[in-house]
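[1] Build me a structure from this.
(3 chains)
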Amino acid sequence: MNRTDAKFSFKTSAGNFFEDYRLGQVIRHAVPRTATEGDRALYAALYPSRFALYSSDAFAKASGLARGPLEDLIGFHIVFGKTVPDISLNAVANLGYAEGRFLAPVYPGDTLTSVSEVIGLKENSNGASGVVWVRTTGHDQTGAAVLSYVRWVMVRKRDHAAPAPETVIPKLAPAVAAADLVVPEGLDFSGYDFELAGAPHRWSDFAVGERIDHVDQVTIEEAEHMMATRLWQNTSKVHFDATQREDGRRLIYGGHVISLARALSFNGLANAQMIAAINAGAHANPCFAGTTVRAWSEVLDMAETANPGVGALRLRLVATTAGTEPFGLRDADGRYRKGVLLDLDYWAFIPK
Amino acid sequence: MNRTDAKFSFKTSAGNFFEDYRLGQVIRHAVPRTATEGDRALYAALYPSRFALYSSDAFAKASGLARGPLEDLIGFHIVFGKTVPDISLNAVANLGYAEGRFLAPVYPGDTLTSVSEVIGLKENSNGASGVVWVRTTGHDQTGAAVLSYVRWVMVRKRDHAAPAPETVIPKLAPAVAAADLVVPEGLDFSGYDFELAGAPHRWSDFAVGERIDHVDQVTIEEAEHMMATRLWQNTSKVHFDATQREDGRRLIYGGHVISLARALSFNGLANAQMIAAINAGAHANPCFAGTTVRAWSEVLDMAETANPGVGALRLRLVATTAGTEPFGLRDADGRYRKGVLLDLDYWAFIPK
Amino acid sequence: MNRTDAKFSFKTSAGNFFEDYRLGQVIRHAVPRTATEGDRALYAALYPSRFALYSSDAFAKASGLARGPLEDLIGFHIVFGKTVPDISLNAVANLGYAEGRFLAPVYPGDTLTSVSEVIGLKENSNGASGVVWVRTTGHDQTGAAVLSYVRWVMVRKRDHAAPAPETVIPKLAPAVAAADLVVPEGLDFSGYDFELAGAPHRWSDFAVGERIDHVDQVTIEEAEHMMATRLWQNTSKVHFDATQREDGRRLIYGGHVISLARALSFNGLANAQMIAAINAGAHANPCFAGTTVRAWSEVLDMAETANPGVGALRLRLVATTAGTEPFGLRDADGRYRKGVLLDLDYWAFIPK
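    Numbers count the residues shown, from 1 in each chain, chains lettered A, B, ... in the order given. Down below sits the predicted model:
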């Protein structure tokens, strides 16, 4: 209504539609945000995360960092949140992630901004929507890049008659190469305190193909996922507005499930301290309040780094509903099983 | 019971009743409170606020401030919260606000106290209650006033036989005069980054009479409004105690609706960065958990200031339930329409 | 499953069982945690606490402290939370507390760790479980002890055939002696501002046997107690996993009830600023979301200290469900009455 009735202001944003995007277009997203110790405390209240490097300033310093960084996913959520009003407000589906790299830790006091470049476009054959690929980079207040990732979303067209753009599908790496992982400057796990970190298992204790059922389960409430999603200034209506669905439930931000699953993975992967890369990710099924979430992991690859004592594990992290048999990802027809919520492929740094 | 049975201590406070107030009485409210970055993070988790000046320390500094201030309403809620045990614990209704002026930004680390002066009294004709007008001022740890406002509440009498005080109704300005707005020292919008702030509309793009439907909607949960209200140390029982109503719902603190509506107004008023004054306010209808809130605004007045690039808009901000037709405030009989929750008249600073 | 099927990793922790404990065993608990202003803000959002010494940095400084400490129970919850994975993950019941002493205030920035010593063991006659007594000490980043307490829990056996240990029941003091209370260095209440603190009652206004009904009531939501419990990194499944009970409710962490009752006691005990000791404590009945909690206190003892203006009250703090008659603790048969949730015996510092 606010766009059609001349009495009213047209100053609100309805977001972009598929035909608004152009290949090579660079979008500087609005509203920089300063991350603080308050974010750290809220993250602890919202997710059962216990990774020592982020829980303890003293542990971070003993690992060679200047002070205690914020959880890597805090930086990811903030940078992602800024893109929502421009990229996914009219999204039908969040289709995937690739080439995500964490380039520098985010510390309390850092102010983050996001910029995205449109790197791919493909109109759907129905002419009603299309897929947009963007490479998003988050910067801190000095202009240094702190993380970068590609995601692609299916976005509605405003006008079905608008002409289709030339189809360009970006060539994306199936995974970030181990050689491209950025180890934080100074990171040193040679004096790592395994007892204090909560588990004895070091890099060499893992093997490709190994699977871990993370055992613990957490039930999600509406208030929790809405507080989390707002904290990252994600404005997507489906997460907050009970009138968007007949049952009044709000779709849970996929990133909330990522953070929850990652936190649950502590029990089994306590030493997989830092997220180094996101190779791929799919929100396999929607998640709603009332769901009890469980997680399992699989070791996909292993690599060494040049930093003292620092190895890397490539892990599949899968979130499921409680009661879903672990370690099964897809049905016979290749589709994600009904109880699978998240399938995330990432690299983490772990002491050797 | 604790006040009538001699075995028990009388040390708890039951709050003041109408006959306890005297014209000119000055009440120094208890429990100073230090505001912190934790409050900023919780505010972000509780309200979808994205005003850049409060979200980003860097943006605040680029606007001439020493560092990132806390949202103006954080200061308001804290100062207000302190008055509840003395002013509104036995209130039947929170009737209105006037002459609210924000005198200085509140920064993390500031410790706020509140003091109120009784400036008006009027017993109701039923002899069971009366209206109390107070002018409340919030001070920081240096004794400097940070904000001041008048509010009036209907308060029960303890003893219906207590004599009525002389009726004194204070003469209140219908709105804070533009000349009385206090622009924060150093505030300079001459280098304002509209792209980073999230919208291109500057002061001169608005016109008196213009109306904006803010489009977005948020559903409120019990846990959210209780956490918010507690954060401001507001002790009013109706917000926390499910036994106060047969349906178990708790009345939502009116200030929660103010903050929610103000945050929703970002979509359309992203550059109305700072609240300068509260001219008037009415909580038109009670709000309960489960309500989905929407907001609209109307430009009531415009003014310039002496600070570089800083203009002021006088705005009506109206919160409604979802599905309420926007821009209609009152029924034919002059009463607020059923779906109207809040009618707030305020001044905001916006770049020219 | 993850412990019996050879395909799967055994890296997750299932916690300790009764037969895993040895008398004299020292357990250094995992995951140090830095406490921050974010914790202070969340504590304020989760509990209606208004004790001035913790609410206001300025008040703390005026009381002789270097800066504003965090609520004593924040330190307690963090130290306690670390012990859960090692002590109470397989607990059937949390049986009691004794000899709890707060040795130094915890300030934002402090990093806390926990260590426990097994000081008692007693297998139950059914051979299926036993009682473990531990003395837990919390340390800050300098290694200084900040608090110490004994608790005992009933823990399941993994293998009912495992031999019973020699029974050793530690001799515990019925209460911390007044002479053993540690007054924070520099604490000075000689210039205490009673008006600002919220009540006029000083040490000498109280008498042993005096009882206070704290009047206010708070209803607990699932999201609130889960956020609180996670904030302290307490991993006990029963607090988070709706599938653990048929009705989907999650058992509320006993410490949540302690903090809530302590906060409610402000109305009547506003000047009982600091918790000095926990003499005894029992979680008399389980608490679930939807419960409306009320509290009452009884003065058990009084003592003086060497610090200027600082006295001590020994208090019984009882949390009940709303509607439970106050001041009645046990039925005729000596059992806690049905509506009693918590029976806590503690010492607090209060101005003389």
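[2] hey, let's count contacts and neighbours off CA atoms from now on
    Noted.
[3] mind listing what the spatially closest residue to A:Asn234 that is not a sequence neighbour touches?
    Here the nearest residue to A:Asn234 in space, its sequence neighbours aside, is A:Gly81; by C-alpha to C-alpha, 6 or more residues apart in numbering or on different chains that works out to 4.3 Å. Taking C-alpha atoms under 8 Å, 6 or more residues apart in numbering or on different chains as the definition of contact, the neighbours of A:Gly81 are A:Trp232, A:Gln233, A:Asn234, A:Thr235.
[4] same question, A:Val84
    Applying C-alpha under 8 Å, 6+ apart as the definition, the contact partners of A:Val84 turn out to be A:Asn234, A:Thr235, A:Ser236.
[5] out of the contacts of A:Gly81, who's nearest C:Gly24?
    Distance from C:Gly24 was checked for each of these by C-alpha to C-alpha. The minimum falls on A:Trp232, at 47.0 Å.
[6] roughly how far apart are the closest one and chain B?
    A:Trp232 sits 8 Å away from chain B, taking C-alpha to the nearest C-alpha, to the nearest Å as the criterion.
[7] Near chain B, which residues of chain A? Just list them.
    Contact residues (C-alpha under 8 Å from any C-alpha of the partner chain) of chain A with chain B: A:2, A:7-13, A:28-34, A:36-39, A:41-42, A:111, A:141, A:222-223, A:226-233, A:235, A:237, A:240-243.
[8] And for stretch A:56-64, what's in contact with it?
    Stretch A:56-64 is contacted by residues A:52-54, A:66-69, A:186-189, A:191-192, C:31-34, C:111, C:141 when judged by C-alpha under 8 Å, 6+ apart.
[9] and A:Gly130, that one's in a strand?
    Yes. In this structure, A:Gly130 lies within a strand as judged by DSSP: H, G, I helix; E, B strand; the rest coil.
[10] Looks like it contacts A:Phe18 (just checking).
    Yes. Using C-alpha atoms under 8 Å, A:Gly130 is in contact with A:Phe18, at 6.0 Å.
[11] in the stretch 251-352 of chain A, which spans are strands?
    Taking DSSP state E, counting those that start in this stretch, the strands of the stretch 251-352 of chain A run over residues A:274-282, A:292-304, A:310-321, A:340-351.
[12] Spatially nearest residue to A:Val293 (excluding sequence neighbours)?
    A:Thr321 (4.8 Å).
[13] My guess is that neighbour contacts A:Gly290. True?
    No. With contact defined as C-alpha under 8 Å, A:Thr321 does not reach A:Gly290; the gap is 10.3 Å.
[14] ok, these two, which is more surrounded?
    Set side by side, A:Thr321 and A:Gly290 show more neighbours around A:Thr321, with 21 against 14, by other C-alpha atoms under 10 Å in any protein chain shown.
[15] got the contact list for the more buried one?
    A:Thr321 makes contact with A:Thr291, A:Thr292, A:Val293, A:Arg294, A:Gly339, A:Val340, A:Leu341, according to C-alpha under 8 Å, 6+ apart.
[16] and if we set it to 7 Å?
    Contacts for A:Thr321 were tallied using C-alpha atoms under 7 Å, 6 or more residues apart in numbering or on different chains; they are A:Thr291, A:Thr292, A:Val293, A:Arg294, A:Gly339, A:Val340.
[17] Equivalent analysis for A:Ala263, please.
    Contacts were defined as C-alpha under 7 Å, 6+ apart; by that measure A:Ala263 touches A:Tyr47, A:Pro48, A:Ser49.
[18] Most neighbours among those residues, please name it.
    For those, the largest number of neighbours (other C-alpha under 10 Å) sits with A:Pro48, at 29 neighbours.
[19] And A:Val92, which helix or strand is it part of?
    strand A:91-102 (DSSP states H and E).
[20] hang on, I meant A:Ile78
    helix A:72-87.
[21] Same check on A:Ser116?
    The secondary structure element spanning A:Ser116 is strand A:111-123 (assigned by DSSP H and E).
[22] and that strand, how far out from the chain's middle?
    Taking C-alpha atoms, centre = their mean, to the nearest Å, the mean C-alpha location of strand A:111-123 is offset from the chain mean by 15 Å.
[23] Now do the buried residues in it.
    Of the residues in strand A:111-123, those scored as buried under the neighbour-count criterion (16 or more other C-alpha atoms under 10 Å in any protein chain shown) are A:111-123.
[24] so can I have JSON lines of the residues you listed showing pLDDT?
    Rendered in JSON lines, the data for those read as follows (pLDDT from 0 to 100):
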{"residue": "A:Thr111", "pLDDT": "98"}
{"residue": "A:Leu112", "pLDDT": "98"}
{"residue": "A:Thr113", "pLDDT": "98"}
{"residue": "A:Ser114", "pLDDT": "98"}
{"residue": "A:Val115", "pLDDT": "98"}
{"residue": "A:Ser116", "pLDDT": "98"}
{"residue": "A:Glu117", "pLDDT": "98"}
{"residue": "A:Val118", "pLDDT": "98"}
{"residue": "A:Ile119", "pLDDT": "98"}
{"residue": "A:Gly120", "pLDDT": "98"}
{"residue": "A:Leu121", "pLDDT": "98"}
{"residue": "A:Lys122", "pLDDT": "98"}
{"residue": "A:Glu123", "pLDDT": "98"}
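[25] about what we covered before: among the contacts of stretch A:56-64, which ones are buried?
    Buried residues within these, counting neighbours by 16+ other C-alpha under 10 Å: A:52-54, A:67-69, A:187-189, A:192, C:31-34, C:111, C:141.
[26] Going by neighbour count, which residues in the worst-scoring helix or strand of chain A on mean pLDDT are buried?
    For chain A, using mean pLDDT, DSSP states H and E, the weakest element among its helices and strands is strand A:91-102, scoring a mean of 94. Judged by neighbour count (16+ other C-alpha under 10 Å), strand A:91-102 contains these buried residues: A:Ala91, A:Asn94, A:Leu95, A:Gly96, A:Tyr97, A:Ala98, A:Glu99, A:Gly100, A:Arg101, A:Phe102.
[27] Many thanks, have a good one.
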